[in-house]
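Engineer: I would like the atomic coordinates for the input below:
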Amino acid sequence: MHLPEKNIDKRIDIFNSMFLEEYEQREKSSEKARKKFVSDYSIDVISKMDIWKYVSGLKTSGREKDYKTFCYRIELDLKDMGDFRGVRVPKFGVYYSVQRRKLESDVKRFGADIDIAFENVKKTICTLIQSGENDEYEKILALPLYPTYKYKILSVYYPNKYMCIFSENHVDEFLEALNIQCEKASMLDKQKKLMSWRNNNEKTKQWSNYILVGFLYSCITIPSYEKNRYDEIEEQEEMQDSSVAGYINKYAYSGNLKTDHDYKPKKKPDSFISNGVKVYKRSITTSRNALNIAGYKCERNSEHTSFERKLDNKPYMEPHHLVPMSAQDDFDVSLDVTENIVCLCSNCHNEIHYGVKRKDLIEQLYNNRKNILAMAEINISLDELLKYYDIEE
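Structural biologist: Numbering: from 1, shown residues only. Coordinates of the predicted model:
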């Protein structure tokens, strides 16, 4: 909702008179912790970092004295510079699972092998810091870190360039409220629009980014958590997919797996709320069945090779819901069925999320599956499917 110019001006006056001093004190306090963090974790230090100096969750690991790691500090010690504690630990790429008492990785983004995954995470963080300094937006946006984690790192290392707002939905609501036009722009370009608005106002041009964010959240709007938010829904979708892929490739299954689809519709699964986003439950067994039906071969190209799983010597493959589970509200039947789950090698699975030519991949998979989808009463056109991937014709 657009706010009238006089209304915005009045809110600026109220903030400057009632809240500015408080936020300046908070910024001064958090700035000390931020500078210490950046000093402790240069690119050189990060590139040589041991995994136990990185992961969070060590208070119950037998390494209690070492619990103040990179991840712990950026999430908790610097929470006043953007709180993202509600997002699950896979956001860090590699992490210590308190439940299973071992190191685990975000398989989809960084690989199943812990050592290789950690090297990939470190390289990605170093590239992010370098790209952030050089304003290389396209490179930043292409990096496979979770968006919340990515933008938190940028705002910590370069607080004058990047704002500590990690939800694109929130940024969109602020832009709308301030009547700032910014269509089809990236998250980083949208942040620049907000900073430009600040710089062009005599009453706000002295504000730091920290103060600007404080003003937006305290005096402009508290973004709604009820409506669908594409960026946060997609992030939850990817976390769920990563969890399923990691589980089925690590843990054995004693039951009999299906060798063909059921070719019929099934009842919609139950939903739950995760980090303020509605998420539908998905069956690990159904994903196992989908990989088995495909013969553990990539459905983009059956010649694509992969390493053998130590679990059973079968090729490592990942399940992917062709029609995303985030679209479940738009369908009367379940999307969590083998008819809708394609088997992809890790490279193709990453391409469908991050690739420049992912549209071609989605179109190929759709053409191969559209008749099977119809048998499960999942009726959807290619144009409709592309919109769920935020791809416009």
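Engineer: would you map out the domains in this protein?
Structural biologist: Following automatic domain parsing, the chain resolves into domains at 5-220, 230-388.
Engineer: would you turn those domains into CSV with mean neighbour count and mean pLDDT?
Structural biologist: C-betas here are computed from N, CA, C, even on glycine. Compiled in CSV, the domains of the chain are given as follows (neighbours: other Cβ atoms under 10 Å; pLDDT from 0 to 100):
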stretch, mean neighbour count, mean pLDDT
domain 5-220, 17, 89
domain 230-388, 17, 86
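Engineer: residues contacting R109?
Structural biologist: G93, P144, L145, S242, N350 (Cβ atoms under 8 Å, 6 or more residues apart in numbering).
Engineer: helix or strand right after whichever helix or strand it is part of?
Structural biologist: In this assignment (DSSP states H and E), R109 forms part of helix 107-110. Later in the chain than helix 107-110, the nearest helix or strand by DSSP H and E is helix 114-133.
Engineer: counting contacts, what elements does that next one pack onto?
Structural biologist: Secondary-structure packing of helix 114-133 (3 or more Cβ pairs under 8 Å, 6 or more residues apart in numbering; DSSP states H and E): helix 43-47, strand 94-97, strand 102-105, helix 107-110, helix 137-142, helix 147-157.
Engineer: state the phi and psi torsions of the residue lying closest to S334 once chain neighbours are set aside.
Structural biologist: Spatial nearest neighbour of S334, chain neighbours left out: K266 (4.3 Å); criterion: Cβ to Cβ, 6 or more residues apart in numbering. Per-residue torsions, K266: phi -130, psi 160 (degrees, to the nearest 10).
Engineer: for I116, which non-adjacent residue is spatially closest?
Structural biologist: That would be F110: by Cβ to Cβ, 6+ apart, it lies 7.8 Å from I116.
Engineer: residue contacts, that neighbour?
Structural biologist: G93, V94, I116, A117, F118, N120, V121, T124, P144.
Engineer: got it, and K314?
Structural biologist: So K314 contacts Y296, E308 (Cβ under 8 Å, 6+ apart).
Engineer: and with 6 Å instead?
Structural biologist: For K314, the contacting residues are Y296, by Cβ atoms under 6 Å, 6 or more residues apart in numbering.
Engineer: which parts of this protein are strands?
Structural biologist: 94-97, 102-105, 271-274, 277-280, 318-321, 341-344 (DSSP state E).
Engineer: restricting to C-alpha, output the second one in CSV.
Structural biologist: Pointing back at strand 102-105 there. The C-alpha coordinates for strand 102-105 follow below in CSV (Å, rounded to 0.1, in the frame of the first residue of the first chain):
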residue,chain,number,x,y,z
LYS,A,102,27.6,-35.8,13.3
LEU,A,103,28.6,-33.4,10.5
GLU,A,104,26.2,-33.2,7.6
SER,A,105,26.0,-31.1,4.4
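Engineer: picking that back up, so which of the helices and strands packed on helix 114-133 gets nearest K10?
Structural biologist: Nearest to K10 among the helices and strands packed on helix 114-133 is helix 147-157 (28.3 Å), distances taken as Cβ to Cβ.
Engineer: how about V342, nearest residue that isn't a chain neighbour?
Structural biologist: V342 sits nearest to E299 (Cβ to Cβ, 6+ apart), 4.8 Å away.
Engineer: let's have the strands of the chain in TSV, adding distance to A290.
Structural biologist: Formatted as TSV, those follow (distance: least, Cβ to Cβ, whole Å):
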stretch	distance to A290
strand 94-97	25
strand 102-105	22
strand 271-274	21
strand 277-280	16
strand 318-321	5
strand 341-344	4
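Engineer: ok so, going back, verify the stated contact: the residue nearest to V342 with I341.
Structural biologist: No - with contacts counted by Cβ atoms under 6 Å, E299 stays clear of I341, the gap being 9.9 Å.
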